[in-house]
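**Student:** no sequence for this one, just the structure:
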Ligand SMILES: O[C@H]1[C@H](O)[C@@H](O)[C@H](O)[C@@H](O)[C@H]1O
Ligand SMILES: [Fe+2]
Ligand SMILES: [Fe+2]
């Protein structure tokens with residue numbers, strides 16, 4: 001999969017743009033008037049978003065998911081996966097084909113959504129489109145941010161859910177308590193490895209997130225695909241793709257000591273993106289056939305040459 005933006009709308013004056021949007025969102029009257037995206041208070045199950053302790057039909061299975069993820073995502077596992085998938089020698093597929101492939105998967109880590117993943121991609125992109133009608137790059141980022149979940153498909157190796165979805169966290173340093181269901185890390189082989197148990201572990205303060213190995217999953221995989229195919233998406237888009245599941249950082253501020261200046265700049269856009277990624281989750285389905293022409297033209301406009 002190659003993603004090329006011929007004339008990327010590189011986000012300049014990020015502070016200014018993000019501030020503008022916040023103003024727009026703060027004034028609810030304006031939102032209603034311009035048909036902007038409204039953040040709902042509760043998810044499709046009537047719970048607040050990302051409440052991992054709320055009694056719901058998904059609670060136990062989500063917890064079991066995190067038990068498996070925390071036990072198995074060790075430094076060595078991540079290293080092996082990055083080497084294996086970094087070769088990108090598996091399959092060639094266009095962006096839209098990948099979107100359609102996600103029609104058959106439900107994300108087992110998600111307490112807020114049990115719809116097929118193609119719905120989530122389109123729900124996210126459509127919500128962004130409402131507030132950012134002219135920002136092609138951000139809409140496209142919404143469409144592709146979770147495409148790495150194709151790793152669940154046998155064509156991409158049919159990885160188990162714990163190796164593809166869920167929140168992400170660094171390996172090679174101490175696990176932070178803000179991670180969901182933190183207790184299950186106790187059975188991770190790294191938990192008692194003295195090289196990895198200090199706050200910095202094998203890293204140094206301010207080294208930049210690029211130098212930190214994250215647990216393996218759809219974020220890092222999609223980032224690799226985009227980068228290796230020499231995407232011209234702006235750095236904020238790549239950051240969003242790579243760290244959108246890193247909730248311990250972008251929601252709780254954990255692991256911030258690894259960030260460098262560029263990370264701080266990009267984090268502003270990730271915060272903005274997160275609103276659409278999280279709060280667009282809904283049982284109201286997007287009419288795939290209806291929006292397909294728009295997204296096909298968006299993909300075409302930014303230029304795609306399938307090769308993965
Ligand atoms: O359950 C969700 C889901 O897997 C998302 O795709 C991921 O980005 C989130 O971080 C995770 O909590
Ligand atoms: Fe995701
Ligand atoms: Fe998502």
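**Tutor:** That came in fine, so what should we check first? These numbers come from a predicted model, not from an experiment. Ligands and ions are numbered 1, 2, ... in the order given.

**Student:** what about whatever residue of the stretch 101-250 of the chain ends up closest to ligand 3, how many residues close to it?
**Tutor:** For the stretch 101-250 of the chain, the nearest residue to ligand 3 under the criterion C-beta to the ion is residue 146, separated by 4.3 Å. For the C-beta atoms, the positions are set from N, CA and C on the backbone; glycine is no exception. Residue 146: 25 surrounding residues under other C-beta atoms under 10 Å.

**Student:** Could you tell me which residues make contact with it?
**Tutor:** Contact analysis of residue 146 by C-beta atoms under 8 Å, 6 or more residues apart in numbering lists 102, 117, 120-121, 124, 218, 222.

**Student:** Switch those residues over to CSV; also include distance to residue 253 and secondary structure.
**Tutor:** Output for the contacts of residue 146, formatted as CSV (distance: C-beta to C-beta, whole Å; DSSP: H, G, I helix; E, B strand; the rest coil):
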residue, distance to residue 253, secondary structure
102, 31, helix
117, 28, helix
120, 26, helix
121, 28, helix
124, 24, helix
218, 23, helix
222, 24, helix
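
**Student:** Report pLDDT for the residue of the stretch 101-250 of the chain closest to ligand 3.
**Tutor:** At residue 146, the model reports a pLDDT of 98.

**Student:** how close does whichever residue of the chain sits closest to ligand 2 sit to residue 197?
**Tutor:** Using C-beta to the ion, residue 146 is the residue of the chain that sits closest to ligand 2, at 4.3 Å. According to C-beta to C-beta, to the nearest Å, residue 146 and residue 197 sit 32 Å apart.

**Student:** what's the answer for residue 72, then?
**Tutor:** Per C-beta to C-beta, residue 72 is found 18 Å from residue 197.

**Student:** Could you list the contact residues of the stretch 101-250 of the chain toward ligand 1?
**Tutor:** Contact residues, the stretch 101-250 of the chain versus ligand 1 (C-beta under 6 Å from any ligand atom): 107, 109-110, 146, 165-167, 244-245, 247.

**Student:** ok, 8 Å please
**Tutor:** Within the stretch 101-250 of the chain, the positions near ligand 1 by C-beta under 8 Å from any ligand atom are 107, 109-113, 120, 145-146, 149, 165-168, 180, 217-219, 244-247.

**Student:** In terms of helices and strands, where is the closest residue to ligand 1 within the stretch 201-308 of the chain?
**Tutor:** Relative to ligand 1, the nearest point of the stretch 201-308 of the chain is residue 245 (3.2 Å; C-beta to the nearest ligand atom). Under the criterion DSSP states H and E, no helix or strand holds residue 245.

**Student:** so what's the residue nearest to it when sequence neighbours are not counted scoring on pLDDT?
**Tutor:** Distances taken as C-beta to C-beta, 6 or more residues apart in numbering put residue 168 closest to residue 245, at 4.4 Å, once the chain neighbours are dropped. pLDDT, residue 168: 99.

**Student:** Under the pLDDT cut-off, which ranges of the chain? List them.
**Tutor:** Scanning the chain for pLDDT under 70 picks out the ranges 1-35, 302-308.

**Student:** try 50
**Tutor:** Residues of the chain meeting the criterion pLDDT under 50: 2-34, 303-308.

**Student:** and the residue positioned nearest the centre of the chain, what does it touch?
**Tutor:** In the chain, the centroid-proximal residue (C-alpha atoms, centre = their mean) is residue 244; its distance is 3.6 Å. Going by C-beta under 8 Å, 6+ apart, residue 244 touches 145, 219, 250, 270, 273-274, 277.

**Student:** got those residues as CSV, with secondary structure, distance to residue 129 and neighbour count columns?
**Tutor:** Formatted as CSV, the contacts of residue 244 follow (DSSP: H, G, I helix; E, B strand; the rest coil; distance: C-beta to C-beta, whole Å; neighbours: other C-beta atoms under 10 Å):
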residue, secondary structure, distance to residue 129, neighbour count
145, coil, 14, 25
219, helix, 22, 25
250, helix, 22, 19
270, helix, 18, 20
273, helix, 13, 24
274, helix, 17, 15
277, helix, 14, 21
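
**Student:** Now do the residue of the stretch 101-250 of the chain closest to ligand 3 against residue 283, distance only.
**Tutor:** For residue 146, the distance to residue 283 - C-beta to C-beta - is 18 Å.

**Student:** Surely residue 189 forms part of a strand?
**Tutor:** No: counting by DSSP: H, G, I helix; E, B strand; the rest coil, residue 189 falls outside a strand, being coil.
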